[in-house]
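*Asks:* The sequence and its predicted three-dimensional model are supplied below.
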Amino acid sequence: MQKRKLKTWQEVLVALLFVVPLMLFLFWPMLSSEVPPWETGRDVPAESPDESRRVHSELGISIIVPPNWTHRDMPERNQIGFYPRQSFPRRHRAGISVRRMNADSMTVHAQATAEAKTVETELAGYDARLTTLQRAGSFDDPPLKTWMFLVSAGDETYEVSYFLADDPDELPPMVRRYLETFRVEAGGRTSSL
């Protein structure tokens, strides 16, 4: 009986010697990552826009970002992009982009949307044209749906868009609420979050 107890303890000890390092190996990167898994952003936000999360860009625009999203200001491309934070590097499955259009980008936009249906609408109090684009998925890339609003604000034109790696029928209402927070501001400002 005592030999059996000793053998059981030995088995438990050997099991722990294998399991504990394996668990540390698997979960340590997740626990020590810059963005813990419980702080990642959602592809379709669940919370309403909050003015405290408004981002101001050098482009002279601002927009409220969903919680746990990050932004990348790209003034050389006249663009700012917002994406859900991720624990592990992977292709973004959702994002918001705002781009100030110039002659070149207008040409590219016209070519990309030439065969798509465009609807006259309004976004954030500005006249806009909404174009919806659908890209089919492939073996390693899910389908992608993009809603692009071409917004006329005074002398400037902006493309405010949202993409989602999914196949929803319409723009999620909560995303529309975030896009409605787009604002053109007087004078350029640097990014802040």
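*Replies:* Here it is on my side, so go on.
*Asks:* C-alpha coordinates for stretch 17-31, CSV please?
*Replies:* C-alpha atoms of stretch 17-31 as CSV (Å, rounded to 0.1, in the frame of the first residue of the first chain):
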residue,chain,number,x,y,z
LEU,A,17,7.0,18.7,-14.3
PHE,A,18,5.6,18.4,-17.9
VAL,A,19,2.4,20.3,-17.6
VAL,A,20,3.7,23.5,-15.8
PRO,A,21,6.4,24.3,-18.3
LEU,A,22,4.1,23.5,-21.2
MET,A,23,1.4,25.8,-19.8
LEU,A,24,4.0,28.6,-19.2
PHE,A,25,5.3,28.1,-22.7
LEU,A,26,1.8,28.4,-24.2
PHE,A,27,0.4,31.2,-22.0
TRP,A,28,3.4,33.3,-21.1
PRO,A,29,3.4,35.2,-24.5
MET,A,30,-0.3,36.0,-24.0
LEU,A,31,0.1,37.1,-20.4
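*Asks:* Which residue ranges make up each domain of this structure?
*Replies:* Domain ranges of the chain: 1-32, 39-184, per automatic domain parsing.
*Asks:* Now do stretch 45-56: distance from first to last residue.
*Replies:* In stretch 45-56, first residue to last residue: 20 Å (CA to CA, to the nearest Å).
*Asks:* Please tell me how far the nearest residue to Arg54 once chain neighbours are set aside sits from Ser138.
*Replies:* Nearest-residue entry for Arg54: Ile64, 4.9 Å, with adjacent residues in sequence omitted and distances by CB to CB, 6 or more residues apart in numbering. C-beta: built from backbone N, CA, C; applies to glycine. The gap separating Ile64 from Ser138 is 33 Å, by CB to CB, to the nearest Å.
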